[in-house]
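Novice: no FASTA, just this:
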DNA sequence: CCTACCGATCGGTAGG
DNA sequence: CCTACCGATCGGTAGG
């Protein structure tokens, strides 16, 4: 009876997020979620329309978060390509560390999206990665970066970043900013001492 | 009636590997596999004992491949930590590129292993990663590498490597060796021109 | 490798 | 949010 969407739907999504992360979307049943929430499976449907709707909400909400963080980091910023890349990396890692469970679902479970959602998802991701490609391109053109296949470099960078959710807790008391900075540093300067 | 295990079991595992990669283990049914092979679901059980047995075979076979490649790359080799790391990276990437489908299953689907298999799997993986930690440690101790949290560095490196299976085909005509070399180069020297 | 089938579980609906 | 239930599908077995 409350005017705006109550927090129960959020609770369902939070529980689902944790279960999807642990066991994967396909291996998580509506009964699993219901049990974790202490209600009957059928009761879930007064808060959500379908199992996939939950997945869609998680995936597209995270996509939005990544976009917003990237825009904030880059719009209006003028600097070297290396500085831009650093800012984009820190922003990206911050989003991951702020919700590692939802990030894990975002990175691993989007393939269970049905069509047209999966196509839309892929397009968003491609647009997002495009910003990284742009920065790489700029750094290659102006001689800041070493010669590298752009696509190769972008995917390598994002791969390094996108596993952060797996070990963020385990690594101890590094802040999101700190982790992002270190990752940016390794990517830009490498492991070898100069 | 043939003396040794015939190739039909291998065919089942190959089909399963491709389906597990595409849709994930949990979302792939025995009927899906049977259909892809042109037989009935029940007939699969004359070649395999259970659905999970297939997953176990894939995961542990790949684990063996990674270990063997790592041993070949490192045993008897004397050189700098950077050179060791380079060899370990090239060996690792070569295993991935030689079977991207099985690698994808290895990296993403091991969590569906039942117990004691999952525990054994994790222990093997930890031992494997330990070799990388050792090399990192050596390079930190002797001043070759910049100061970094070891665990952080190893996971970042492996993250960058372990996404190779996702884009290997897409990137075009780079050989496994070439990709490994480039990855090692970025990790050791970074993107910035010196 | 097949037919015929098992009990269990799936996502979801009807109707309160 | 519940009881009661649906048809579909699941992994797997019996017995050829």
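Specialist: Nice, I can see it. Being a predicted model, the structure only gives us computed values, none of them experimental.
Novice: pLDDT at residue A:174, what is it?
Specialist: Looking at residue A:174, its pLDDT reads 84.
Novice: isn't there a strand covering it?
Specialist: No: read with DSSP: H, G, I helix; E, B strand; the rest coil, residue A:174 is coil and lies in no strand.
Novice: any figure for the gap between it and chain B?
Specialist: Counting by Cβ to the nearest Cβ, to the nearest Å, the gap from residue A:174 to chain B is 8 Å. Quick note: C-beta positions are derived from backbone N, CA and C, even for glycine.
Novice: next one: residue A:127
Specialist: Here residue A:127 is placed at a distance of 17 Å from chain B (Cβ to the nearest Cβ).
Novice: enumerate the positions of stretch A:187-194 that are buried.
Specialist: The neighbour-count criterion (16 or more other Cβ atoms under 10 Å in any protein chain shown) identifies A:187, A:188, A:189, A:190, A:191, A:192 as the buried residues of stretch A:187-194.
Novice: briefly note if it comes near chain B.
Specialist: Yes: using Cβ under 8 Å from any Cβ of the partner chain, stretch A:187-194 reaches chain B at A:187, A:188, A:189, A:190, A:191, A:192, A:193, A:194.
Novice: so how far is that stretch off the chain centroid?
Specialist: 26 Å (Cα atoms, centre = their mean, to the nearest Å).
Novice: compute the first-to-last residue distance for it.
Specialist: 14 Å (Cα to Cα, to the nearest Å).
Novice: tell me the contacts of the closest residue to residue A:66 other than its chain neighbours?
Specialist: Leaving aside its sequence neighbours, residue A:66 sits nearest to residue A:95 (Cβ to Cβ, 6 or more residues apart in numbering or on different chains; 5.4 Å). By Cβ atoms under 8 Å, 6 or more residues apart in numbering or on different chains, the contact list for residue A:95 reads A:62, A:65, A:66, A:69, A:103.
Novice: mind redoing it with 6 Å?
Specialist: Neighbouring residues of residue A:95 by Cβ atoms under 6 Å, 6 or more residues apart in numbering or on different chains: A:65, A:66, A:69.
Novice: report the helix or strand with the lowest average pLDDT across chain A.
Specialist: Of all helical and strand segments in chain A, the minimum by mean pLDDT, DSSP states H and E falls on helix A:164-167, at a mean of 86.
Novice: need the contacts of residue A:95 in CSV (columns: pLDDT, neighbour count and distance to DNA strand D).
Specialist: Formatted as CSV, the contacts of residue A:95 follow (pLDDT from 0 to 100; neighbours: other Cβ atoms under 10 Å in any protein chain shown; distance: Cβ to the nearest atom of the strand, whole Å):
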residue, pLDDT, neighbour count, distance to DNA strand D
A:65, 98, 19, 27
A:66, 98, 18, 31
A:69, 98, 20, 32
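Novice: of those, which belong to strands?
Specialist: Among these, none falls in strands (DSSP state E).
Novice: from the residues you listed, pick the one nearest residue B:123.
Specialist: Nearest to residue B:123 among the contacts of residue A:95, counting by Cβ to Cβ, is residue A:66 at 34.4 Å.
Novice: and the gap between the closest one and residue A:103?
Specialist: 9 Å (Cβ to Cβ, to the nearest Å).
Novice: run a quick neighbour tally on residue A:56.
Specialist: 20 (other Cβ atoms under 10 Å in any protein chain shown).
Novice: revised request: answer the last question for residue A:119.
Specialist: With other Cβ under 10 Å as criterion, residue A:119 counts 10.
Novice: helices and strands around the helix or strand containing it, which ones?
Specialist: Applying DSSP states H and E as the criterion places residue A:119 in helix A:117-141. Packed against helix A:117-141, as judged by 3 or more Cβ pairs under 6 Å, 6 or more residues apart in numbering or on different chains; DSSP states H and E, are the following elements: helix A:51-74, helix A:81-98, helix A:150-162.
Novice: give me the residues contacting the last one.
Specialist: It refers to helix A:150-162. With Cβ under 6 Å, 6+ apart, helix A:150-162 has contacts from A:92-93, A:107, A:129, A:132-133, A:136-137, A:187, B:156, B:159-160, B:163, B:167, B:171.
Novice: rewinding a little: buried stuff in the next helix or strand along the chain from the least confident helix or strand of chain A?
Specialist: Past helix A:164-167, further along toward the C-terminus, the next helix or strand under DSSP H and E is helix A:176-189. Using 16+ other Cβ under 10 Å as the test for burial, helix A:176-189 gives A:176, A:179, A:180, A:181, A:182, A:183, A:184, A:186, A:187, A:188, A:189.
Novice: excluding its backbone neighbours, what's nearest the first one?
Specialist: What it means is residue A:176. Once flanking residues are discounted, residue A:176 sits nearest to residue A:97: 3.9 Å by Cβ to Cβ, 6+ apart.
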